[in-house]
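Participant: Quick one: sequence plus predicted model below, questions after.
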Amino acid sequence: MKHFTSDHHFEHTNIIRLAERPFETIDEMHETMIRNWNARVLKGDEVYVLGDFYFGKRPERALELLRMLNGQKFLLKGNHDRKTDKWSEPFVWVRDYHEMTVLEPDGTKQKIVMGHYPFLEWNKGHRGSWNLHGHCHRKVPLDPKYRRLDVGVDGHDYSPWSYDEVKAAMKSRDDIDYHH
């Protein structure tokens, strides 16, 4: 199964205040996000992390956190992902941008365009592809005119989104008329 998530900001104490997260301490935030991740993600699942995973200064701490999390992890770097070369080993790959196509059970294909930031236009957006991103910390409301979704933890109970949840969120946008 595929999952999508963003903006954990592990080790970023001020994110509790800045993103108005309901935690008293950074440890409480970490415990909740790790528990929620592992409750949804199985060992063999794919997890696309769309940036801002780690904000700390100690690469060994990032590695420790990553090893606590289930799944095969892929990182699309965010603006706060610094020195990823020192803690990227648990990721299958690290990129700035990624496109994928998911084969549905009925044989249809769904294109997904991913990066840390939301796009106004993206590849095949006028043909039904989706843009998944992070960065906004639920500050940008869902816009039914776009097949774009912020998969950050702040807007999803501090948990990754499953592909089926993303698909359900996009369902109301199926009849959008795009001009190219």
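Facilitator: Everything's here; your move.

Participant: Span of stretch 56-76 from start to end?
Facilitator: With CA to CA, to the nearest Å as the measure, the ends of stretch 56-76 fall 17 Å from one another.

Participant: actually stretch 12-30, sorry about that
Facilitator: Span of stretch 12-30 from end to end, CA to CA: 10 Å.

Participant: Could you do stretch 89-107 as well?
Facilitator: In stretch 89-107, first residue to last residue: 34 Å (CA to CA).

Participant: got the contact list for that stretch?
Facilitator: 2, 48-49, 63, 66-67, 72-77, 84, 88, 109-116, 123, 163 (CB atoms under 8 Å, 6 or more residues apart in numbering). In this view, the C-beta of every residue, glycine as well, is placed from N, C-alpha and C.

Participant: Is it possible to mark the buried ones in those?
Facilitator: When neighbours are counted using 16 or more other CB atoms under 10 Å, those contain these buried positions: 2, 48-49, 63, 66, 73-77, 84, 88, 110-116, 163.

Participant: Go ahead and confirm residue 83 touches residue 58.
Facilitator: No. The pair residue 83 / residue 58 is not scored as a contact, 10.2 Å apart, by CB atoms under 8 Å.

Participant: Please enumerate the strands of this structure.
Facilitator: Applying DSSP state E to the chain gives strands spanning 2-5, 46-49, 72-76, 91-95, 97-103, 109-115, 130-133, 148-150, 161-162.

Participant: Fine by me, thanks again.
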